[in-house]
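> compute the structure for the input listed below.
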Amino acid sequence: MQEAAHLMQHNLAPSLAAPLSSLKGVGPKLWRRLQELGLYSLEDLLFHFPLRYQDRTRITPIAALQDGVDAVVAGEIRLASVVPGRRRSLIVKIEDGSGLLTVRFFHFRQSQVLQMRPGAQITLFGQCRRTNVGGAEMVHPEYRLSEPDALTEAALTPIYPTVEGMGQGVWRNLTNQALGQLAKTPPEDLLSGLSKSPFALADAIQYLHRPPPEAPVGSIREGEHPAQLRLALEELLAHHLSLRELRAREKSFAAPIIASHSRLCQRFLAQLPFEPTTAQRRVTAEIAEDLAQNTPMLRLVQGDVGSGKTLVAALAALQVIDSGFQVVLMAPTELLAEQHLRNFEAWLKPLGVEIAWLSGRVKGKVRAATLARIGEGSAKLIIGTHALFQEGVSFKSLALAIVDEQHRFGVHQRLALTEKGGDAGVPHQLVLTATPIPRTLSMVAYADLDFSIIDELPPGRTPVTTSLVDNSRRDAVVSRVGAACREGRQAYWVCTLIEESDALNAQAAEATAEQLRQTLPDVAIGLIHGRLPAAEKEHIMAGFKAGEIALLVATTVIEVGVDVPNASLMIIENPERLGLAQLHQLRGRVGRGAAVSFCLLLYQSPLSQNGRRRLDVMRESNDGFYIAEQDLKFRGPGELLGTRQTGLPSFRVAQLPDHEHLLDEVELIATQLENQNPERIQPLIQRWTGERQAFARV
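As a prediction, this is how the structure comes out:
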């Protein structure tokens, strides 16, 4: 039934509507696997495009190898030896007359060592990595001995996104069969008469699955071939339309009208020891205007680290509370939620505002009592984590949902929170982020939201000087940190790991803290990581803020929300493993007071050329928007704004920011479709987003 409904939704020509179970080689097990991937029909398979292409069409001279690019190399073995060390490895030196290539095997057999005889001819295929010293290197490439053409092919080799148990041969077999049907019954061209592309839809699909031998390799690698642009345009359009549709649906509901004049806001501003910036006042006015409407506010407030987004959120909350409604503030981590709790208690308790706290760790009678206060409406501001949108949480009159660092949650979770309005109807939504969103992303990831930007830092913030330091100079860095702490300054030492594991990150931080305690016995050192109990984390942070702890060793849990003005030095280990946006967030923990502040990026050699360029961006700039744009170029949208589970679209053909130049055409065509061809909108959205639209309200 599910399969039939899916195919009816697609409105496909008969042959392209055929289930993938009809293809040769698709048994029950593979058919279940394909359905799990959201692939039911031949058309679904045709829109499952190669992730990239391997260029095995020619042999590349070693001197012409590019960093991070796959290539075939042929040459003569000059040297082969097993090198002992922490990771025993087989090192082979290859020469082809243009240069020297180092090949490393960390996993090898003795028979391989014997094969690598000096003077033997070898052909390799792999990804080149150029190190700091300028040498070309490949790790675990494919190779053939004495077979110069063994690894070359006539055309580019497509590499499909896959899962365990489905090799590239399976995908090529299936797509070959689907392409046979494509020529007979092409899918409907939903951009007919709207796109300026020279490629028809079916031709573009055929080209991307099987680039011809004469295909321009460079153009395809850069994502700029007309066939790629034709499909990228349609994909970006589908995602943009889905969010416009979501916005229209949200705006069709009634929301409480909030009076813009608030005595609570006036009392709050009068007690502040500083004046809000012009940017904070402007954004506050934009929010007040939204809240005065009878349709839900859908606003994203962007502000660089330390720009004062929390103050703007507090003013919005007070405006709503003064009108007799409830407000909820949701943060992605307990540490950040606790930081908000401390700030809001200091600001709002003197005004008589009752605040409730709810997280997954609140249990038993305390939880029951908190839920009762929320349900009866006596708690006016509720602060917490993901626990806030669990089933047992009911609000009496929720009129404003404030979501901090929205990209950590996803659209569907934000909407789940807004379905808890109670007597108030649909709540207004205010989304905060300290990760500046480039325009490129805003159109495809946040087109359902209005934008406000706090583009001004409060007075007194000092620029942070950032330096790159090789890990070989670690002892000197430790001495520098010790000297700074003895002079009364405070410092962070941030530990990072590749693995997304709280346990491993905690172990790394614990080991580092122990090493630093042994080296700096006279310095008060604290340790904080995500696995500590909430009370212990709060105790450690309070000690650091009070100056009792001089050096805080931490995982990236201190990325946002931690405010210790006296901290003026930060060390980030293995910064090459983090994105630029996250590094910028971490760096924002220093420079919050009047002292000159420094951030040392303690990287591990050798750095690739790309890794060096990324870290140089941090050294050169403190501008969060510039850094976000550069991060987007280096890593793409999925990694910039968080993991793929967060609701950000993962594109099949479109590449951002490379395809940013298509976005103006996307907006133009979206408007034309809404005005002239609305019947094409749903098929477009379904074709490219499928079940991913499930987060929209029914």
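
> is it true that residue 50 touches residue 172?
No - in terms of CB atoms under 8 Å, residue 50 does not count as a neighbour of residue 172; the distance is 9.9 Å. The way it works is simple: take the backbone N, C-alpha and C, and place the C-beta from them, glycine included.

> okay, and the common contacts of the two?
By the contact definition CB atoms under 8 Å, 6 or more residues apart in numbering, residue 50 and residue 172 are jointly contacted by 158, 160.

> am I right that residue 57 is in contact with residue 214?
No - the pair residue 57 / residue 214 is not scored as a contact, 9.8 Å apart, by CB under 8 Å.

> more crowded one of those two?
residue 57 (18 against 7; other CB atoms under 10 Å).

> pretty sure that one is in a helix, no?
No - judged by DSSP: H, G, I helix; E, B strand; the rest coil, residue 57 forms no part of a helix; its state is coil.

> pLDDT at it, what is it?
As summarised for this prediction, residue 57 has a pLDDT of 87.

> and it, how far from residue 49?
20 Å (CB to CB, to the nearest Å).

> again, but for residue 70
Plainly put, residue 70 is 18 Å away from residue 49 if you go by CB to CB.

> cool, and residue 322?
53 Å.

> where's the residue lying closest to residue 455 once chain neighbours are set aside, which helix or strand?
With CB to CB, 6 or more residues apart in numbering as the measure, residue 279 is the residue that lies nearest to residue 455, at 5.5 Å, once sequence neighbours are left out. Here residue 279 sits within helix 278-291, counting by DSSP states H and E.

> so for that helix, what gets flagged as buried?
For helix 278-291, a neighbour-count test (16 or more other CB atoms under 10 Å) marks 279, 280, 282, 283, 284, 286, 287, 288, 290, 291 as buried.

> which of these lies closest to residue 27?
In terms of CB to CB, no member of the buried residues of helix 278-291 lies closer to residue 27 than residue 290, at 55.1 Å.

> neighbour-wise, which of residue 50 and residue 172 wins?
residue 50 (23 against 16).

> how about that one, what does it touch?
Taking CB under 8 Å, 6+ apart as the definition, contacts of residue 50 comprise 158, 159, 160, 208, 209.

> got it, and residue 453?
Residue 453 is in contact with 279, 283, 301, 302, 303, counting by CB under 8 Å, 6+ apart.

> let me see the contact set for the second one.
For residue 283, the contacting residues are 301, 312, 452, 453, 454, taking CB under 8 Å, 6+ apart as the criterion.

> for it, which non-adjacent residue is spatially closest?
Looking at residue 283 with CB to CB, 6+ apart, the closest residue is residue 452, at 4.4 Å.

> return the residues in contact with the one you found.
Residue 452 makes contacts with 282, 283, 286, 287, 299, 300, 301, 302, as judged by CB under 8 Å, 6+ apart.

> if we go to 10 Å?
Listed by CB atoms under 10 Å, 6 or more residues apart in numbering, the contact partners of residue 452 are 279, 282-287, 290, 299-303, 309, 312, 430-432.

> do the same with residue 230
189, 191, 195-201, 203-205, 207-208, 653, 662.

> what about 6 Å?
Applying CB atoms under 6 Å, 6 or more residues apart in numbering to residue 230 gives the contacts 197, 199, 204.

> list the buried residues in the helix or strand containing it.
Applying DSSP H and E as the criterion places residue 230 in helix 226-251. Neighbour-count burial for helix 226-251 flags 227-247, 250 (criterion: 16+ other CB under 10 Å).

> helix or strand right after the helix or strand hosting residue 668?
Residue 668 belongs to helix 663-676 when elements are defined using DSSP H and E. Beyond helix 663-676 on the C-terminal side, the first helix or strand identified by DSSP H and E is helix 681-689.

> looking at the residue sitting furthest away from the middle of the chain now. What's its pLDDT?
Distance from the C-alpha centroid of the chain peaks at residue 119, with 47.5 Å (CA atoms, centre = their mean). The per-residue pLDDT reported for residue 119 equals 93.

> what does residue 145 give?
91.

> same question, the one 4 residues further on
Reported pLDDT at residue 149 in the predicted model: 74.

> all further residue positions should be reported with the first residue as 775.
Yes, from this point I'll number from 775; that puts the last item at residue 923.

> quick check: closest non-adjacent residue to it.
Residue nearest to residue 923 in three dimensions, not counting chain neighbours: residue 897, with 7.8 Å by CB to CB, 6+ apart.

> in terms of helices and strands, where is that neighbour?
strand 895-901.

> tell me how far that strand lies from the chain's centre.
From the chain centre to the centre of strand 895-901 is a distance of 34 Å (CA atoms, centre = their mean, to the nearest Å).
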